[in-house]
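Chemist: could you look at this predicted model? Sequence included:
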Amino acid sequence: MRTSAPFERARAAIDSAIELIPRILGRVRLPILALSAHPDDRVVVALLDAGADDVINAAFRPPELLARLRALLRRAGGPSQAPPAGPLPDGLVAFIVFHELVHLKVRNHGPDFKALIAKEFPDFRELDKKLRLFGLKIL
């Protein structure tokens, strides 16, 4: 039985993610939230077993995504300086999420990256300073 090209591409993407997670964690310890559109629970289990801290369905609701990101950041802790008590404000979480999405287009923090960030968050330097109060440095 021959499988379709879209199915083969989806399977390859899942396999790549499952292989990529341990490679990332072998270089740096950071929280990983995997995004999956696959309906099979075995994919979620494989992502978690590979080292993802959480998996969210691609049809996520923004409040759920923000809550999961806050939980990941809370569990991940920060540098030796204790962060303020309580969750990150949604504005800071949105900034972190947007920052990571921009990395899909621009890999480094150079001028092109900062120009894209500034379009959505003109005050990104101030937001970065606020994140540092929580023990997080992303720029």
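Modeler: Perfect, thanks for sending it.
Chemist: tell me the centre residue of the chain?
Modeler: residue 33 (5.2 Å; CA atoms, centre = their mean).
Chemist: in what helix or strand does residue 45 lie?
Modeler: helix 41-50 (DSSP states H and E).
Chemist: buried residues in that helix?
Modeler: Neighbour-count burial for helix 41-50 flags 43-44, 46-47, 50 (criterion: 16 or more other CB atoms under 10 Å). All C-beta spots, glycine's among them, are computed from the backbone N, C-alpha and C.
Chemist: before we move on, back to that, which residues sit in contact with the residue nearest to the centre of the chain?
Modeler: Each residue near residue 33 by CB atoms under 8 Å, 6 or more residues apart in numbering is listed here: 52-56, 68-69, 72.
Chemist: at 6 Å instead, please
Modeler: Residues near residue 33 by CB atoms under 6 Å, 6 or more residues apart in numbering: 54, 72.
Chemist: pLDDT score for it?
Modeler: Note on residue 33: pLDDT of 87.
Chemist: next secondary structure after the helix holding residue 45?
Modeler: Following helix 41-50 toward the C-terminus (DSSP H and E): strand 54-57.
Chemist: tell me the mean pLDDT over that following strand?
Modeler: For strand 54-57, the per-residue pLDDT averages 88.
Chemist: what's it in contact with?
Modeler: By CB under 6 Å, 6+ apart, strand 54-57 touches 33-36, 44, 47, 68.
Chemist: beta-bridge partners for the residue nearest to the centre of the chain, please?
Modeler: Residue 33 has the following beta-bridge partners by DSSP bridges: residue 54.
Chemist: please report the distance of it from residue 132.
Modeler: 21 Å (CB to CB, to the nearest Å).
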